[in-house]
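Asks: sequence and predicted structure, then a few things I'm wondering about:
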Amino acid sequence: MPENAKGPSMILNPEDGASYWQPAPSHGYMTVKLSPHNHSSNLYSMGTQSIPPGCSLRSHAHQRNDEILFIYEGTGMATVDGKQYPVAPESTIFVGRFVEHVVENTGNSDLKFLWIIFPPGLEDVIAFMGRPRKPGEAPPDRFERPADVGAVLDRAYFVKPKKG
């Protein structure tokens, strides 16, 4: 490729991307904006997540991934390796490999954030655990994660939370 060859570009509007309703405890939805499934880079994936009041991400860590979360709407609490931090619009959370983390919506409106994960893989877990979402549709009744999600998490190199 010539030294001055242009790279790819994409413009994605708010509802563009594969979107999935999420199971307990988040009960919101995630929209995958960029992943190796729709662009030429295999270095990262990126998307957005919306979590209703009183809900949260499940405690987890990533065996091979670094993750950036950028809060752009709502308020909450991030717990990173057991230490709590309040989060609000323009808060940034960075978690490297093996760093256990939880994000909880403690506010009265949806908590919304952008996530970027290096390398990709989260998008496949999202699709497996979630239910397809169409823009503007009402949320489904709350549901639990599939019983066989462990195999998908193993393939995505997620670290299971410690018991007790």
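Replies: Perfect, thanks for sending it.

Asks: for the chain, just list every one of the helices.
Replies: With DSSP state H, the ranges of helices along the chain come out as 122-129, 149-155.

Asks: mind showing which ranges of the chain have poor pLDDT?
Replies: Applying pLDDT under 70 to the chain flags the ranges 1, 153-164.

Asks: circling back to that earlier point, most tightly packed of the helices of the chain?
Replies: When the helices of the chain are scored by mean count of other Cβ atoms under 10 Å, the highest mean neighbour count falls to helix 122-129 (a mean of 20). Quick note: C-beta positions are derived from backbone N, CA and C, even for glycine.

Asks: so how far is it off the chain centroid?
Replies: The gap between the average C-alpha position of helix 122-129 and the chain average comes to 9 Å, counting by Cα atoms, centre = their mean, to the nearest Å.

Asks: packing partners of that helix?
Replies: Contact here means 3 or more Cβ pairs under 8 Å, 6 or more residues apart in numbering; DSSP states H and E; on that basis helix 122-129 packs against strand 18-21, strand 29-34, strand 45-51, helix 149-155.

Asks: what does that helix contact?
Replies: Under the criterion Cβ atoms under 8 Å, 6 or more residues apart in numbering, residues 18, 20, 22-23, 30, 32, 35, 37, 45, 47, 65, 67, 115, 145-146, 149, 152-153, 155-156, 158 lie in contact with helix 122-129.

Asks: buried subset of the residues you listed?
Replies: By the neighbour-count criterion of 16 or more other Cβ atoms under 10 Å, the contacts of helix 122-129 include these buried positions: 18, 20, 22-23, 30, 32, 35, 45, 47, 65, 67, 115, 145, 152-153, 156, 158.

Asks: many thanks, I have nothing further to ask.
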